[in-house]
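J.: Can you look at this prediction? I've put the sequence above it.
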Amino acid sequence: MRRPLRVLTWHVHGNYLLYLSRAEVEFYLPVRPGRPGHSGRGTTFPFPDRVRDVPAEAVRELEFDCILFQSQRNYVEDQYDLLSEEQRALPRIYLEHDPPQAHPTNTRHPVDDPNVLLVHVTPFNDLMWDSGSTPTRVIEHGVFVPDDARYTGELARGITVVNHLRTRGRRLGVDVFERLRAAVPLDLVGMDAESLGGLGEVAPSELARFEARYRFFMNPIRYTSLGLAVIEAMMIGLPIVGLATTEIATVIENGVSGFVATDVNRLIDPMRELLTDAEAARRLGGKARSTALERFSIDRFAREWEDAFATVCGRSPLERTLVSPCYGACE
């Protein structure tokens with residue numbers, strides 16, 4: 001029986017890595033305390049057994065089939081610090097989580113290598129980056145939420161989920177959040193949310209159930225790829241309110257699954273209507289969930305990643321063993 005592919009990567013975005021671990025691939029995470037991206041599995045997310053820690057100093061002793069970079073630091077520094085010359089010649093994928101932030105259209109991607117596959121998480125990212133000679137592929141997000149995390153909407157309030165919103169400025173929309181919170185009741189959840197009068201951090205394993213009580217999800221972010229928090233809220237069944245910028249403009253249909261606009265003032269009345277009409281909110285949230293199930297299926301996501309790994313490694317994907325998504329009790 002053919003063994004799964006062995007991929008070295010880093011713990012950069014915990015939620016994304018959890019969803020990526022649905023692919024039938026063995027992932028190895030370097031561990032070096034105090035160095036960004038080297039925290040290994042950690043204890044926050046319920047990774048399956050095929051996600052494995054390895055001491056950073058032992059990486060050169062292991063055999064891998066592929067290297068998956070997830071940040072510029074991984075590509076520019078970590079590969080030379082951790083990998084042998086032979087390992088640096090292995091098939092390589094660079095996973096780009098974000099759109100360019102220096103200039104939206106004229107930024108050259110740090111990877112310019114025809115022998116590396118550049119994977120973007122949204123078509124918007126692929127559109128905006130200048131990828132040079134590097135071949136690109138889009139693998140849109142796939143998510144799952146606990147089976148018992150379904151919209152109830154009994155709280156006539158909106159919820160926003162952003163970490164460190166106060167210090168991340170206009171790109172993440174701190175001014176948009178404060179402007180809308182002055183007009184409608186909004187709760188903020190995330191790291192350091194208390195500094196903006198928010199509720200603080202909710203454990204990832206409990207966040208979906210926590211959100212399910214709210215009437216709608218409000219996303220204030222001006223410029224990003226497409227936040228996993230938005231898709232997770234859709235999967236729960238919350239209607240989405242946000243800015244009609246970047247990829248979200250292709251996901252949310254006005255008056256059907258939520259409301260998006262570039263004029264912040266035009267979002268206030270729809271949010272007030274959602275607060276007063278619980279049944280309309282439930283109806284829009286149901287459509288948001290249907291959209292998420294169709295476009296952001298975790299099984300589609302896992303299959304596409306298995307195909308990407310197999311392609312760069314010159315192998316056909318293994319036959320998949322379907323396992324029910326889990327959160328908090330993976331075995």
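T.: Received, thanks.

J.: Please count neighbours and contacts with C-alpha atoms only from this point.
T.: Will do.

J.: which other helices and strands contact the host helix or strand of E178?
T.: Per DSSP states H and E: E178 is located in helix 174-181. If contacts are counted by 3 or more CA pairs under 8 Å, 6 or more residues apart in numbering; DSSP states H and E, helix 174-181 sits against helix 165-172.

J.: List the buried residues of the helix it packs on.
T.: Buried residues in helix 165-172, counted by 16 or more other CA atoms under 10 Å: L165, R166, R170, L172.

J.: From the residues you listed, pick the one nearest V76.
T.: Checking the buried residues of helix 165-172 against V76 with CA to CA, the nearest one is L172 at 26.2 Å.

J.: Run through the strands of the chain in chain order.
T.: Using DSSP state E, the strands found in the chain span residues 6-8, 26-31, 51-55, 66-69, 92-96, 116-120, 136-138, 155-161, 186-189, 214-219, 240-243, 258-261.

J.: Next, name the residue at the spatial heart of this structure.
T.: L228 (3.9 Å; CA atoms, centre = their mean).

J.: Leaving out the residues flanking it, which one is nearest to I248?
T.: Excluding the flanking residues, the one nearest I248 by CA to CA, 6 or more residues apart in numbering is L226, at 6.1 Å.

J.: measure the one you found to T246 for me?
T.: 7 Å (CA to CA, to the nearest Å).

J.: who's more crowded, these two?
T.: L226 (25 against 20; other CA atoms under 10 Å).

J.: what separates the more buried one from T276, distance-wise?
T.: Taken as CA to CA, the span from L226 to T276 is 28 Å.

J.: E247 too?
T.: Distance of E247 to T276, computed by CA to CA: 29 Å.

J.: contacting residues around the residue nearest to the centre of the chain?
T.: Going by CA atoms under 8 Å, 6 or more residues apart in numbering, L228 touches N15, Y16, H141, V143.

J.: Could you check how many residues crowd around the closest residue to the last one other than its chain neighbours?
T.: Meaning V143. Closest residue to V143 apart from its sequence neighbours, by CA to CA, 6+ apart: I298 at 5.2 Å. I298 is flanked by 20 other residues according to other CA under 10 Å.

J.: Surely I298 and Y16 touch.
T.: No: look at I298 against Y16 with CA atoms under 8 Å: they stay out of range, at 11.2 Å.

J.: So which bits of stretch 56-63 are buried?
T.: For stretch 56-63, by 16+ other CA under 10 Å, it's A56, V59.

J.: Next: stretch 191-198.
T.: Per 16+ other CA under 10 Å, stretch 191-198 contains these buried residues: M191, D192, A193, L196, G198.

J.: which residues sit in contact with F177?
T.: P220 are the contacts of F177 under CA under 8 Å, 6+ apart.

J.: Please determine how far it is located from R150.
T.: In terms of CA to CA, F177 sits 25 Å off from R150.

J.: Likewise for A280?
T.: From A280 to R150 the distance is 16 Å (CA to CA).

J.: to the chain's geometric centre, what's the distance from stretch 159-166?
T.: Centroid separation for stretch 159-166 versus its chain: 15 Å, with CA atoms, centre = their mean, to the nearest Å.

J.: do the same with stretch 200-208
T.: That offset, for stretch 200-208, works out to 15 Å (CA atoms, centre = their mean).

J.: Same check on stretch 195-213?
T.: Centroid separation for stretch 195-213 versus its chain: 17 Å, with CA atoms, centre = their mean.

J.: Need the residues that contact stretch 191-200.
T.: Contacts with stretch 191-200, where a contact means CA under 8 Å, 6+ apart, come from V162, N163, H164, L165, R166, D187, L188, V189, G190, E201.

J.: got it, and stretch 267-276?
T.: By CA under 8 Å, 6+ apart, stretch 267-276 touches 156-157, 180, 183-184, 215-216, 241-242, 259-261, 280-281.

J.: Of the residues you listed - the most surrounded one?
T.: In terms of neighbours by other CA under 10 Å, those top out with F216 at 33 neighbours.

J.: separation between that one and D187?
T.: 11 Å.

J.: what do these two both touch?
T.: Common neighbours of F216 and D187 (CA under 8 Å, 6+ apart) are R157, G158, I159.

J.: residues contacting the second one?
T.: With contacts taken as CA under 8 Å, 6+ apart, G158 has the following neighbours: V184, P185, L186, D187, Y214, R215, F216, F217, M218.

J.: So the fourth one sits against L155, correct?
T.: No: counting by CA under 8 Å, D187 does not reach L155; the two are 10.7 Å apart.

J.: Give me the more crowded residue out of these two.
T.: Remark: of D187 and L155, D187 carries more neighbours, 21 against 15, as counted by other CA under 10 Å.

J.: What's opposite the closest residue to that one other than its chain neighbours in the beta bridge?
T.: Nearest non-adjacent residue to D187, counting by CA to CA, 6+ apart: I159, 4.9 Å away. Applying DSSP bridges to I159 gives these bridge partners: D187, F217.
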